[in-house]
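Student: This is a predicted model, with the sequence first.
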Amino acid sequence: MAVLSKEADRWLRQAESDLKCAEWNQQGGFFAPACFWSQQAAAKALRALLFFNGEDARETRSVVDLLDRAITYEEEFRGVAGSSTSLDIYYKTSRFPDAIPGGIPSEVLGEKDSRDAIRQAADILSLVEKKRKERMPESI
């Protein structure tokens, strides 16, 4: 279990960094990358939660799938599940021109998209950190 706890800490630290990257892009007006990094932060934070619970969670990048699994451990994640489903859309649409018919991510995704994505990711990250503190106060 100690190995998975260390792995969870690594994933959580990277999630925190990814969220900062999203916020930095938002401030600079790079809204599509902010959406992508928000999705990444949320997915990595949820993977950390699963590692904290002894589950290896490297086979999926879907926030929706990871939230479904997180809910089996912590019912409280149901509260963020509904509002966070749009994060998965940004995994491809924020990066690839062919993911948006007739447009490109940097011209289609705007400030509201990135602001909402950052808030959703921050909510997930905050809840994961809260659950980690409840379960593993010695690792703080």
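Tutor: That came in fine, so what should we check first? Numbering: from 1, shown residues only.
Student: what bits of the protein have low per-residue confidence?
Tutor: 1-3, 136-140 (pLDDT under 70).
Student: That one: helices as residue ranges?
Tutor: Assigned helices in the chain, in chain order: 2-27, 31-52, 63-73, 78-81, 90-93, 105-108, 111-135 (criterion: DSSP state H).
Student: can you count the residues close to Glu59?
Tutor: Using other CB atoms under 10 Å, the number of residues around Glu59 comes to 7. Yep, even glycine has a C-beta here, placed from its N, CA and C like the rest.
Student: same thing with Leu66?
Tutor: Applying other CB under 10 Å, we find 24 residues neighbouring Leu66.
Student: In contact with it, which residues?
Tutor: Counting by CB atoms under 8 Å, 6 or more residues apart in numbering, Leu66 touches 42-43, 46-47, 50, 57, 60.
Student: Roughly how far does the closest residue to Arg132 other than its chain neighbours sit from Glu129?
Tutor: Take Arg132 and drop its neighbours on the chain: the residue closest to it by CB to CB, 6 or more residues apart in numbering is Phe52, 5.8 Å away. Note on Phe52: its distance to Glu129, by CB to CB, to the nearest Å, is 11 Å.
Student: Which one of those two is surrounded by more residues?
Tutor: Phe52 (24 against 17).
Student: Out of all residues in the chain, which is the farthest from the middle?
Tutor: Counting by CA atoms, centre = their mean, the extreme residue of the chain relative to its mean C-alpha position is Gly102, 27.7 Å from that point.
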